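Peer 1: predicted model, plus sequence, below.
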Amino acid sequence: MQTVTILCVGKLKESYWREAAAEYQKRLGAFCKVGVVEVEEARIPSNPSQAQIDAALVAEGERLLAKIPGDSLAAALCIEGKEQTSEELARWLGKAAVDGKSNIVFLIGGSFGLSPQVKQRADCRISMSRMTFPHQLARVMLLEQIYRGYQIQNGGKYHK
């Protein structure tokens, strides 16, 4: 059974995000071991300079990198990543299993994204859309898409 970890910057503050994420985590239990690991968001002023943003990204990136198990297949969620259909994500998850990759980590940055170091460490980059979403919503969307991917792999009706 694969282990899927959502490694992300910051906490889900609103109860509706937490409830939605918990629902998909519960559903995913039938297909994989799933966990969410949150690292602390860097504190920056409300109108940060580019240098302050860059420093925050580096600090958050170091926290993320420290939590990635060495044998993991890591996917960074970022705007310059490749957009995928649900079926493509399902195939990617399936190929990882066939290739013996039992630990999969999805990386979600904070408000300003992911550091270049985290993107470099990732085995692939995935874009949820060309649109911009709050990172709290991205976490819920990702959990839903992973669940949909396993449903597709197993011939379930959920994805139709």
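Peer 2: Perfect, I can see it now. Numbering: from 1, shown residues only.
Peer 1: which residues of this structure fall in strands?
Peer 2: For the chain, the strands defined by DSSP state E cover 3-9, 33-39, 73-83, 103-108, 124-127.
Peer 1: who's in contact with the last one?
Peer 2: Contacting residues not belonging to strand 124-127 are listed as 74-84, 89, 92, 106, 119 [CB atoms under 8 Å, 6 or more residues apart in numbering]. Every residue, glycine included, has its C-beta placed from N, CA and C.
Peer 1: may I see the buried residues of that strand?
Peer 2: Buried residues in strand 124-127, counting neighbours by 16 or more other CB atoms under 10 Å, are found at 125-126.
Peer 1: who does that strand pair up with?
Peer 2: strand 73-83 (parallel) (DSSP bridges).
Peer 1: for residue 112, see how far away residue 4 is.
Peer 2: Distance from residue 4 to residue 112, counting by CB to CB, to the nearest Å: 25 Å.
Peer 1: neighbour-wise, which of the two wins?
Peer 2: Using other CB atoms under 10 Å as the criterion, residue 4 and residue 112 rank with residue 4 on top: 27 against 18.
Peer 1: contacting residues for that one?
Peer 2: 28, 32-35, 104-106, 146.
Peer 1: of those residues, grab the buried ones for PyMOL.
Peer 2: To isolate the buried ones among the contacts of residue 4 in PyMOL, judged by 16+ other CB under 10 Å, type:
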select buried, resi 28+32+34+104+105+106+146
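Peer 1: got a pLDDT number for the residue sitting nearest the centre point of the chain?
Peer 2: In the chain, the residue lying closest to the centroid (CA atoms, centre = their mean) is residue 106, at 3.4 Å. Per-residue confidence (pLDDT) for residue 106: 98.
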